[in-house]
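Asks: next comes the sequence, and after it the predicted model I'd like to discuss.
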Amino acid sequence: MVDDELNPVEETEGVNQIENQDTPQVEESGEGLALRVTELEGLVAQRDEELTRANSHITELEQAVAESEERFKTTTDSLAKALANYKAMVMQANPGVPEELINGDNIESINESLGKAKGIISQVRQGLEAEIQAVKIPTGAPQRVPPDLSALTPREKIQYAIGGKK
């Protein structure tokens, strides 16, 4: 019946071919009808075999599609795990780069974001170094040691002790 729905013209053509064959016209006797029934049964059997083959082929294709979908899912999951591991290794190898700056859904985009992050960090570092160079603050107070008076003349020593000026 499914075959009838798919190709109704072919079945009627097959029947018409049987009716239009160059066989001697036999009066509607039992022998002629039996021959015609046998031919029609052969055609039905042939159609049933074709239908069985088509159904088995459809089943094979459906199984192949299911297997392909499963392999695709497995491959996709493996790729996601590999990318997560790669990203973790990149972050571990570059501890000075913030995790938020490294992103991407493939190796090329992760490498590209790492390069951009390193560029940003380099620019910030240069800016900070320039700022540090511009503002020099002495580190700590000078040492508290008495002045060296050994090079002074006796008169200069007396003046120093009195607190007078030269």
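Replies: Sure, I can see it. Numbers count the residues shown, from 1 in each chain.

Asks: going by C-alpha atoms from here, please, whenever you check contacts or count neighbours.
Replies: Will do.

Asks: K116 sits in which helix or strand?
Replies: Counting by DSSP states H and E, the element that carries K116 is helix 107-134.

Asks: buried set for that helix?
Replies: 110-111, 113-114, 117-118 (16 or more other CA atoms under 10 Å).

Asks: just for the protein, where's the confidence low?
Replies: 1-28, 137-138, 164-166 (pLDDT under 70).

Asks: domain boundaries for it, per the record?
Replies: Per the record, the chain has its domains at 1-16+30-83, 94-133, by automatic domain parsing.

Asks: just to revisit the earlier point, centre of the chain to the helix holding K116, how far?
Replies: Computed by CA atoms, centre = their mean, to the nearest Å, the chain-centroid distance of helix 107-134 equals 27 Å.

Asks: and the next helix or strand past it?
Replies: On the C-terminal side of helix 107-134, the closest following helix or strand by DSSP H and E is helix 154-162.

Asks: quick one: list the elements packing against that following helix.
Replies: Applying 3 or more CA pairs under 8 Å, 6 or more residues apart in numbering; DSSP states H and E, we find helix 154-162 packed against no helix or strand.

Asks: mind listing what's buried in stretch 81-95?
Replies: For stretch 81-95, a neighbour-count test (16+ other CA under 10 Å) marks 83, 87, 90-91 as buried.
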